[in-house]
Structure formats: C-alpha cells, structure tokens
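Enquirer: I would like the atomic coordinates for the input below:
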Amino acid sequence: MTHSIATIINFCSNDKLFIHHTINQVKKFSSQIIIPYCDHFYDGTPEDQSLISKTIAKHPTVKFIPFQYDPNATKTLWRGWQFILRRLTKTQVWGPQHWICHARLLGTTYLKKNIKYVLFLDADEVPDGKRFKGWLDTKNYQKYNAIKSANYWYFRSPKHQATTFEDSSLLVKRTSLTQAVFMDHDERNATYNSIPHPKKRMVLGLDSKPMIHHYGWAKPKANLLKKVKTWGHSKDRNWTKLIEKEFQNPFSGTDFIYHRRFTTVKPFLHL
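Expert: This is a model prediction of the structure:
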C-alpha cells in the first residue's frame, strides 16, 4: 500500500549516481513522484541532456518537468546587500538558490487531486523505502502540518557516516502549502518555519534511527567540484581549494565543512 503522498525530487545530472536509487526507494511509499529539472546547471553551463533523457526513459511512471534557465534570475549580489534586500522582500532569491526554490515550487503545481502530503527531497537524499513506509503506516505523521525527518550524513564515501544527524528533508501537509514560503535563501528550513504548528523536527523511524541517507558530500572529486560551482553556497568559501586539498590524502576521519566525527558502516548503497 502506498500513501497519498507525492515526492518532489530536485535533480540535475550531477546526481546520476543516486537518482535511480532515490526513485526506486520513493516508489515504495509514494502515490506520485515529480522531478523538476533545468536545461542548465545553476551556474549557467548546459545540462547533460543525453543523461537526463536516459533517466526519464528508465522511469516512465515518474513526472519529469523541464524548465528553462534565465541568467538574469541568478545574478549574485554582494552578501551584505543580499542580507539587506532579503529584509525588504519575501519573494526575491539570488544566485543558484533561486532555481533550487523555483524547482520545488514548480513541482507543487503538478500535484494530483488525491495528494494529501508532499515530501521534498534532493536526488542525493535516499530514503530507506521499506523503513520509511513502515513509519508512514502508523499514520502518526497525519498529526502534523510539517515534519523534518532525521537523516544520516556522509562524506567522501557512503561508508563514512557522520555520528551527527541532520534533518534536510521536508514532509508537508498539502493544505499547509498555501501558507508555505518557498522563495527564500533558507530553502526548506524557511518553508518549515513558515508553516504553523503542529510540526516536528528530527523525526526518527520506528527503530529510533534515521530513515534517510544524505550523500550530498559522498561523491567523487569531479562531482563535488561540479556541485560547489552550482549550489546555493557557492560564494561562501573557496570550495574548489578545499576539495583539492581534501583529495590529496586518504580520508582523515573528519570533514572540512562541519568538522564532524565519523564511523565506518556497511553502505546502504553500493555505487
């Protein structure tokens, strides 16, 4: 049995290692799967349309939604001006985050009439579909307008699992979407914060463990270099220099982003 849940997955070809796994896991509990994708990466370089076409062909039951890139919507301002202007408007988002937010908002316009909840994922956030469905089957989530599920976080490899959990995914009651803020630099956190209670963060599975595996930084060097050129924090630090330095040596046991501790695990995914 699936639930009256639509899953909207943000996707680009740089997530090719994970997208099929994410879709196959999501199919275990979703009534509808929606994947918005852009004709360019968010730094303006053309997408790998051949790979996207192959992904679409492999998943005929998934609704893929193309949208066009507009360079005028991604002009990056000095961060001080961004801070000031964000206080003056709730709808303007600069840089790559404009498209990240736009994709999620676009996905909500394609929801089927029977959908009651919407799960927002990135392509490299892979649920454990069986355990996630078991948690959904309790119907406890129906008490809330919004839920952020805890997830495992990985660095360099799917076997390097941080001992600190995150909660990047977002499950929202459809009737609450009319109150939700999408176009904000804080992305899904802003959406969650804009929705009224009852809501809950860091939700664990029935076994008191996270149900989602986040592989955003568990990618080969080439994929990480592409990631940091296009993601919403591209101007925060000299990511390219940090990645180049990181891959000069074997994994040190911590990451350069959050400086977390790690344990070695049997990978949930075999890439």
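
Enquirer: buried set for stretch 142-149?
Expert: Residues of stretch 142-149 classed as buried: 144-149 (neighbour count, 16 or more other C-beta atoms under 10 Å). In this view, the C-beta of every residue, glycine as well, is placed from N, C-alpha and C.

Enquirer: which residues touch it?
Expert: 132, 141, 167-173, 175-176, 188, 191-192, 195-204, 210-212 (C-beta atoms under 8 Å, 6 or more residues apart in numbering).

Enquirer: thinking residue 111 is in contact with residue 118, fair?
Expert: Yes - judged on C-beta atoms under 8 Å, residue 111 makes contact with residue 118 at a distance of 6.8 Å.

Enquirer: Return every residue with contacts to both of the two.
Expert: Common neighbours of residue 111 and residue 118 (C-beta under 8 Å, 6+ apart) are 6, 174.

Enquirer: Save the buried residues of stretch 142-149 as CSV, and put in distance to residue 16, secondary structure and pLDDT too.
Expert: Listed next are the buried residues of stretch 142-149 as CSV, based on distance: C-beta to C-beta, whole Å; DSSP: H, G, I helix; E, B strand; the rest coil; pLDDT from 0 to 100:
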residue, distance to residue 16, secondary structure, pLDDT
144, 33, coil, 98
145, 34, coil, 98
146, 30, strand, 98
147, 29, strand, 98
148, 26, strand, 98
149, 24, strand, 98
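
Enquirer: which of those lies closest to residue 65?
Expert: The nearest member of the buried residues of stretch 142-149 to residue 65, counting by C-beta to C-beta, is residue 146 at 23.0 Å.

Enquirer: Okay, that closest one and residue 185: tell me how far apart.
Expert: Distance, residue 146 to residue 185, using C-beta to C-beta, to the nearest Å: 19 Å.

Enquirer: Which parts of the protein are strands?
Expert: 5-10, 32-38, 63-67, 117-122, 125-127, 146-149, 151-155, 157-162, 170-173, 199-203, 212-217, 262-264 (DSSP state E).

Enquirer: And residue 111 and residue 118? Which one has more around it.
Expert: Neighbours were counted for residue 111 and for residue 118 using other C-beta atoms under 10 Å; residue 118 has more, 24 against 17.

Enquirer: just for the stretch 51-200 of the chain, where's the confidence low?
Expert: Within the stretch 51-200 of the chain, the segments meeting pLDDT under 70 span 73-94.

Enquirer: mind running it again at 80?
Expert: Applying pLDDT under 80 to the stretch 51-200 of the chain picks out residues 72-95.

Enquirer: quick one on the thing from earlier: which of the contacts of stretch 142-149 count as buried?
Expert: 132, 141, 167-173, 176, 188, 191-192, 195, 199-200, 203, 210-212.

Enquirer: related to what we said a few turns ago, can you lay out the strands of the chain as JSON lines showing distance to residue 239?
Expert: Shown next, in JSON lines, are the strands of the chain (distance: least, C-beta to C-beta, whole Å):
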{"stretch": "strand 5-10", "distance to residue 239": "19"}
{"stretch": "strand 32-38", "distance to residue 239": "21"}
{"stretch": "strand 63-67", "distance to residue 239": "26"}
{"stretch": "strand 117-122", "distance to residue 239": "17"}
{"stretch": "strand 125-127", "distance to residue 239": "20"}
{"stretch": "strand 146-149", "distance to residue 239": "25"}
{"stretch": "strand 151-155", "distance to residue 239": "14"}
{"stretch": "strand 157-162", "distance to residue 239": "19"}
{"stretch": "strand 170-173", "distance to residue 239": "25"}
{"stretch": "strand 199-203", "distance to residue 239": "27"}
{"stretch": "strand 212-217", "distance to residue 239": "11"}
{"stretch": "strand 262-264", "distance to residue 239": "20"}
